[in-house]
Structures are given as structure tokens and as C-alpha cells.
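Colleague: fold the following, please.
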Amino acid sequence: MELAERFLLDALAYLECALGVVCFVLLKLRGSPYGRYASPGSGFGLPARAAWAVQELPSLALPLLACAGAGAPAERLNRWPNCILLAMFLVHYAQRITIILFIHTWACELCGLVTVTPSNVLSCLGSALWFIGMLVNIHSDHVLRNLRKPGETGYKIPRGGLFEYISAANYFGEVVEWCGYALASWSIQGWAFAVFTFCVLFTRAQQHHKTRKIHALHRTG
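Modeller: Okay, the predicted model is just below:
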């Protein structure tokens, strides 16, 4: 990798960390105005499928386009750790898009290809952590999809799996995924992505936790 390219990627990673901190502060002050937390003046609405596609699709399409336009084969894809890391990234977003387009109707960070070669130990540990986080995420989505019976409306507390211990088990699973990815890549870019994800999802998880506590109090009150 050229020195100028590495400097640019590192600078973008630090910028992502800084933006993550800024988002964390703003979301703590204003909350996350989406879904049931949105107010009439918080912004314009989009259909759930379209909004989810706009958010998730670039993270799947752009790496594929970059690989397709890099020639055959791209030099960085000659290293198996890079292939595994790229596959982990693409699998996550392919699964997220599949959920919204083909399974249910609710619910762009971009990440460059990591070019460093992680040690075997970190790669195995990180990959295992990523896999565990993805399983948690998939199971939590399954719980949320089946939360209401056909025709039911209103708030319901999720039950089962990690929802017995964590209010936002789906967000927890995603944070675990990207921490595992960062560990496997052992790169500034991987950790920046994990930090940004945590900063955004942690504030949403807090909102869910407060709503769950209020709902539980009303049921027992």
C-alpha cells in the first residue's frame, strides 16, 4: 500500500472515531428521533423498506463494485485474511438487506478493505466473536419479527434469548460483531467502525431500555 493511501485511510478512521463521539453526544442530548421515537417535526418520513435499503445497500454494493472494478484479481484479495474480512463484512450487510426486503418491513457507514494481515490468534478470536455476535443479532431479529401476532399493535416487551438480560439484544449483537471484526483485522479502520457503531447504537439501546422500564412499571402499577 502506498504511504499516501495508508495516511488517508488512517485519517478517515480517526475522523470516523471523532464523528462517532459527536453523534454520541448529540444523540444523548436529543435522543434518536426514529421509529416510535420520532416526533412530527423531527424530519420527513420514508417507507420502511426504502429507508432501510438507502441505509444498508451502499455498504454491500460499493465494496462489490470496488472489487469488480479493481481488475482480476485485486492484489489485496490474494491474501486470505483480507478475503475472510471482506466476506464477514459483506455477509453482515447481505443478511441485513435480506431481512428487510424478504422477511419483514421494519427495521451509510462505509468500510474500506482492510489490507493488514492479522495474526492467526487474533484472526481466529475475532472471527469467532464476529460469528457469535451475528448469531445473537439474527436470533434477536427473529424474536422481534415474531413479537406481535397478525393484527396486533402497540408496544410489547421482547422475550427470549438475550432479551431476558438486555433490553436491546439486537444492538448488543451488532456491537459484538464489529468488535470481533476489529479484533480480527487489528486495524485502525476496523476499530473506528466498531467505535462508531457503539456510539450510535448505545444511545438507541438506552432509549429502548427506558421505554421497557416505563412499560414494565405501567403493567405492574
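
Colleague: lowest-scoring secondary structure element of the protein by mean pLDDT?
Modeller: Sorted by mean pLDDT, DSSP states H and E, the helices and strands of the chain end with helix 48-69, the least confident at a mean of 77.

Colleague: what residues of that helix count as buried?
Modeller: Across helix 48-69, burial judged by 16 or more other CB atoms under 10 Å covers 52, 55-57, 59-60, 63, 67. Placement of C-beta: from N, CA and C, glycine included.

Colleague: how about those residues in TSV, adding distance to residue 168?
Modeller: Supplementary listing: the buried residues of helix 48-69 in TSV, determined by distance: CB to CB, whole Å:
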residue	distance to residue 168
52	18
55	18
56	18
57	24
59	21
60	23
63	27
67	33
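
Colleague: the top helix by length along the chain packs against which elements?
Modeller: Using DSSP state H, we find that the single longest helix of the chain is helix 188-220. Under the contact criterion of 3 or more CB pairs under 8 Å, 6 or more residues apart in numbering; DSSP states H and E, helix 188-220 touches helix 3-30, helix 169-185.

Colleague: gap between the last one and the chain center?
Modeller: So that's helix 169-185. When C-alpha coordinates are averaged (CA atoms, centre = their mean, to the nearest Å), helix 169-185 and its chain have centres 8 Å apart.

Colleague: same question for the first one.
Modeller: Relative to the mean C-alpha coordinate of its chain, helix 3-30 is positioned 16 Å out (CA atoms, centre = their mean).

Colleague: and that helix, what does it pack against?
Modeller: Packing contacts for helix 3-30, counted by 3+ CB pairs under 8 Å, 6+ apart, involve helix 188-220.

Colleague: what angle separates the helix it packs on from helix 3-30?
Modeller: Between helix 188-220 and helix 3-30, the angle comes out at 20 degrees (axes from the mean of the first three to the mean of the last three CA atoms, to 10 degrees).

Colleague: now helix 188-220: buried residues?
Modeller: Buried-residue list, helix 188-220, by 16+ other CB under 10 Å: 188-208, 212.

Colleague: repeat that for stretch 129-145.
Modeller: Those would be 129-130, 133-134, 136-137, 139-144, for stretch 129-145 by 16+ other CB under 10 Å.

Colleague: so what's residue 134 up against?
Modeller: 91-92, 95, 173, 177 (CB atoms under 8 Å, 6 or more residues apart in numbering).

Colleague: next, give me the two most distant ones among these.
Modeller: 91 and 173 (13.9 Å; CB to CB).

Colleague: who's more crowded, those two?
Modeller: Legend: neighbour count by other CB atoms under 10 Å for residue 91 and residue 173, higher for residue 173 (22 against 14).
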